[in-house]
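Engineer: task: produce atomic coordinates for the following.
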Amino acid sequence: MQAMMSWLKTFTSMPWPWTTSLSGFTRMLSRSSAVGLGVLAILSTSTAVAQDPSSFPSEWESLQRRNTRGPECFRTHLREAIQLNRTRGVLYAQLSQGESQALTDKLISLERLAIFGSYLPFLGYNFDERALEWQNSSARIQIVCDEFISMHETPAYRSQFADGPVRKSLSIGRELEAEILPPLLSPISIQRRLRRALNSSPEKFIAHQHLANEAHQLLQELEGHWPTRDGQYLGGPRPDISELRKSNCMLRHMLESIRRIARLSPRHHMRALDFGLRSPLTLSQDLLTAHIKWLGEAIEIDREAAALHQRGIPIVCNDVPTIPDAR
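Structural biologist: You can find the predicted model right below:
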């Protein structure tokens, strides 16, 4: 076991774009008493985490097949995203003389890592399997499926922003530009506000409504709604709305997803109770917690995309569908 943990340390020190996420992932594995050597063996097969699930070894295929019966909407969403990013990544690389490739690789690696984690039940990210209890019930509650919008709703590919390159980056997380954004839009503040809302009531039914409202407010602030006592906007006059919409696009996508999950949660809860079923609030809670946890990666992706946006290349911003509010 000591030799295997030594291998894990070496494995996670390799300079891949998803090293940070994978390091945390394997640290968690090393602490979990529920993890057997079989799971660690899956991790140890060359670069399996960074490959398509279809190319994983027999142990991984066995793990995939276990208890998988249903539409797999969470994994389908991620697989569609991988395909879209792979296809458009080639085009963006041609436009940027290869500068965009690292960002494309990072996006795809994170999506593959999320799929991998979704097959490990002890992580709690096996959302597709957990949803079957309600999807296959008499109530036909499409939890997890209703929450995710198909990547086929993504806008058509374009090589440039319709209204030209970004003139000034307003990307959260770029230290040199931080002074033009309100303090409540710092990365730490965003996660703190969302966590506070998620924990605002012992009743998840109520807390999720508070979280939906907080995510909606954050989306408004990303649109430049930062009023102060004198009616002005923080950082001077309100920035051009088109500039704001060409920044923080992955963060906006995640906040829209949080808002939608939190809006749907009480509806799934009430329908389950009407049919005499167990409430799915815990599943919704775990989906929301995971999204909040992943916001750091979303902000980092936006920060890295900012330089490309200033060249007019709409990577990320043009590659995610709008997620409608589920009011």
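Engineer: a strand runs through residue 157, doesn't it?
Structural biologist: No: applying DSSP: H, G, I helix; E, B strand; the rest coil, one finds residue 157 to be coil, outside a strand.
Engineer: residue 243 versus that one, what's the distance?
Structural biologist: Counting by C-beta to C-beta, to the nearest Å, the gap from residue 157 to residue 243 is 22 Å. The way it works is simple: take the backbone N, C-alpha and C, and place the C-beta from them, glycine included.
Engineer: out of these two, which sits in the busier spot?
Structural biologist: residue 243 (16 against 13; other C-beta atoms under 10 Å).
Engineer: got any ranges where the stretch 1-150 of the chain has weak pLDDT?
Structural biologist: Within the stretch 1-150 of the chain, the ranges that satisfy pLDDT under 70 run 1-69.
Engineer: now the helices for it?
Structural biologist: Taking DSSP state H, counting those that start in this stretch as the criterion, the stretch 1-150 of the chain carries its helices at 2-12, 19-31, 37-43, 58-65, 73-95, 101-118, 127-135.
Engineer: the strand or helix carrying residue 208: what's the following helix or strand?
Structural biologist: Remark: residue 208 resides in helix 204-222, with elements defined by DSSP states H and E. Next helix or strand after helix 204-222 toward the C-terminus (DSSP H and E): helix 241-244.
Engineer: how about that following helix, which residues are buried there?
Structural biologist: Of the residues in helix 241-244, 243-244 count as buried by neighbour count, 16 or more other C-beta atoms under 10 Å.
Engineer: from the chain's centroid, how far away is that helix?
Structural biologist: In terms of C-alpha atoms, centre = their mean, to the nearest Å, the centre of helix 241-244 is set 23 Å apart from its chain centre.
Engineer: can you list contacts of that helix?
Structural biologist: With C-beta atoms under 8 Å, 6 or more residues apart in numbering as the test, helix 241-244 has contacts from 163, 166-168, 170, 222-224.
Engineer: and the helix holding residue 208, what does it pack onto?
Structural biologist: Applying 3 or more C-beta pairs under 8 Å, 6 or more residues apart in numbering; DSSP states H and E, one finds that helix 204-222 contacts helix 187-198, helix 249-274, helix 281-293.
Engineer: residue 164 contacts residue 312, doesn't it?
Structural biologist: Yes: using C-beta atoms under 8 Å, residue 164 makes contact with residue 312 at a distance of 6.2 Å.
Engineer: more crowded one of the two?
Structural biologist: For residue 164 and residue 312, the more surrounded residue by other C-beta under 10 Å is residue 312, and the numbers stand at 16 against 10.
Engineer: nearest spatial neighbour of that one, skipping sequence neighbours?
Structural biologist: For residue 312, ignoring the flanking residues on the chain, the nearest one in space by C-beta to C-beta, 6 or more residues apart in numbering is residue 165 at 3.7 Å.
Engineer: doesn't the one you found fall inside a helix?
Structural biologist: No: Residue 165: not assigned to a helix; according to three-state DSSP it is coil.
Engineer: and the gap between it and residue 315?
Structural biologist: 12 Å.
Engineer: what touches both of the two?
Structural biologist: residue 309.
Engineer: okay, those two: which has more neighbours?
Structural biologist: Between residue 165 and residue 315, residue 315 has the larger neighbour count (other C-beta under 10 Å), namely 26 against 14.
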